[in-house]
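Chemist: need a structure here:
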Amino acid sequence: MPLENQVGISFYKDLSLREYLSEPAIRCKRRFETSEETLFTFLKHDDVPWNNNNAEHAIKAYARAREVFQGSPTAKAISEYLVLLSVCKTCRNKRIGFLDFLCSGEKDIEAFVAANSRRRQRRGHDPSRSCAGTRDLKAESVH
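Modeler: Below you'll find the model as predicted:
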């Protein structure tokens, strides 16, 4: 039996044997029971994170952006902001400078990474050299 099935079965067997008295614990148990099919999905698929941090970070970034918009943004402004946010987050995940990528004129992040990698190999990459990028341009520092 695969590990993910063992973990899920063990968890739900233990859950079903317990009797909870407080309302919060009863609600929590009920929620676990209704999400039984999806709770351990991350064990079955490598590309599914165990937490929801990516979605939470995206929502927080958008909430911070409301300050930038100073009022109700247009659909176009939201769309453009989300594209830039996505590119910024992708650059951060690939450990490349956001501003370096934008200033390069390259439209393909993978091509930029490959070209950057070749340049680093030729000149010897110094990890202490910070690229202008994700540390300098975080969504929360844009005002």
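Chemist: what's the burial count for K29?
Modeler: K29 is flanked by 15 other residues according to other Cβ atoms under 10 Å. C-beta: built from backbone N, CA, C; applies to glycine.
Chemist: which helices and strands does the helix or strand hosting it pack with?
Modeler: Per DSSP states H and E: K29 is located in helix 23-34. Helices and strands touching helix 23-34, by 3 or more Cβ pairs under 8 Å, 6 or more residues apart in numbering; DSSP states H and E, are helix 3-17.
Chemist: about what we covered before: buried residues in the helix or strand just after the helix holding K29, which are they?
Modeler: As assigned by DSSP H and E, the chain's next helix or strand after helix 23-34 is helix 41-44. Neighbour-count burial for helix 41-44 flags L43 (criterion: 16 or more other Cβ atoms under 10 Å).
Chemist: cool, stretch 66-84 as well?
Modeler: Using 16+ other Cβ under 10 Å as the burial criterion, the residues of stretch 66-84 that qualify are 81, 84.
Chemist: give me the nearest residue to F112, chain neighbours excluded.
Modeler: Excluding the flanking residues, the one nearest F112 by Cβ to Cβ, 6 or more residues apart in numbering is E106, at 4.3 Å.
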